[in-house]
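Engineer: please find the sequence and the predicted model below.
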Amino acid sequence: MKLLGTNASPYVRKARLVLLEKNITHTYLIDPPREPGSQVARVNPLGRIPALILDDETCVFDSPVIAEYADTLNDAPILIPRTDALARMRVKRWEALADGIMDSAVVVRGESLRPAEKQDTGNITRHNDAVTRALAFVSGQMGQRAWCEGSSITLADLAVASALIYLDLRQPERNWRGAHPNLAAWFSRMNERASVRTSLAD
């Protein structure tokens, strides 16, 4: 299978981390959708990344669907609980929270690229405030636990790590580590994982 994406996309990173953590053989292809010759729009009608192309040419999109599909391919590890409905909901809620941080940070990034006189400062403030609230919630829920949910790594950890990596890339001025030392310590441990190092090396 092939994963189409870009290194800057937090949604692509989440999908990559799932594939890497589960040791699923795949080829990662950097394919910015806006570039001439991109195959993204040909395989994904939404024209968005990540797009996972299976061996039979079926295209799986977007990141929550890719993550859920990939998690069914083997049991090492199980990233989304399969038999406990409440545990499953909690992991998926973590994912939704992390995706929401990414969504708001992407909006802020888009506004920042517009000419200053055309930027919607109210929109920037709303989305930055959403990120701030979400980080406080993540920190509070995390406490001093080793993992976001349960006693081992789950999709929750991979999604939150992807969001924080994106904030470091696009909002380096945001001192989330100083505001949330417990989250900083957790993130430091996540950065030691081979999957995260691989995703950052490209």
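Structural biologist: Alright, I've got the coordinates. Numbering: from 1, shown residues only.
Engineer: what about the strands in this protein?
Structural biologist: With strands called from DSSP state E, the chain shows them at 2-5, 27-30, 51-53, 59-60.
Engineer: just those strands: most buried one?
Structural biologist: Sort the strands of the chain by mean neighbour count, taking mean count of other C-beta atoms under 10 Å, and strand 51-53 sits at the top with a mean of 25. The C-beta positions use only the backbone N, C-alpha and C, and glycine is treated the same way.
Engineer: now residue 11: how far from residue 196?
Structural biologist: When C-beta to C-beta, to the nearest Å is applied, the distance between residue 11 and residue 196 equals 16 Å.
Engineer: neighbour-wise, which of these two wins?
Structural biologist: When neighbours are counted by other C-beta atoms under 10 Å, residue 11 comes out ahead of the other of residue 11 and residue 196, with 26 against 23.
Engineer: which residues touch the residue lying closest to the more buried one once chain neighbours are set aside?
Structural biologist: Distances taken as C-beta to C-beta, 6 or more residues apart in numbering place residue 63 nearest to residue 11, at 4.2 Å, with adjacent residues excluded. By C-beta atoms under 8 Å, 6 or more residues apart in numbering, the residues touching residue 63 are 11, 12, 14, 15, 50, 99.
Engineer: ok, how many other residues are close to the fifth one?
Structural biologist: Using other C-beta under 10 Å as the criterion, residue 50 is surrounded by 27 other residues.
Engineer: can I assume it is in contact with residue 15?
Structural biologist: Yes. If you go by C-beta atoms under 8 Å, residue 50 and residue 15 touch, sitting 4.3 Å apart.
Engineer: pull up the overlap in contacts between those two.
Structural biologist: Counting by C-beta under 8 Å, 6+ apart, the contacts common to residue 50 and residue 15 are 3, 5, 63, 66.
Engineer: the last one - how many residues pack around it?
Structural biologist: The one in question is residue 66. Residue 66 has 22 neighbouring residues, counting by other C-beta under 10 Å.
Engineer: quick one: buried residues of stretch 133-149?
Structural biologist: 134, 135, 138, 139, 141, 142, 148, 149 (16 or more other C-beta atoms under 10 Å).
Engineer: what's the distance between the last one and residue 77?
Structural biologist: This means residue 149. Counting by C-beta to C-beta, the gap from residue 149 to residue 77 is 13 Å.
Engineer: go on, residue 156?
Structural biologist: Separation of residue 156 from residue 77 (C-beta to C-beta) stands at 12 Å.
Engineer: could you do residue 201 as well?
Structural biologist: Distance of residue 201 to residue 77, given as C-beta to C-beta: 22 Å.
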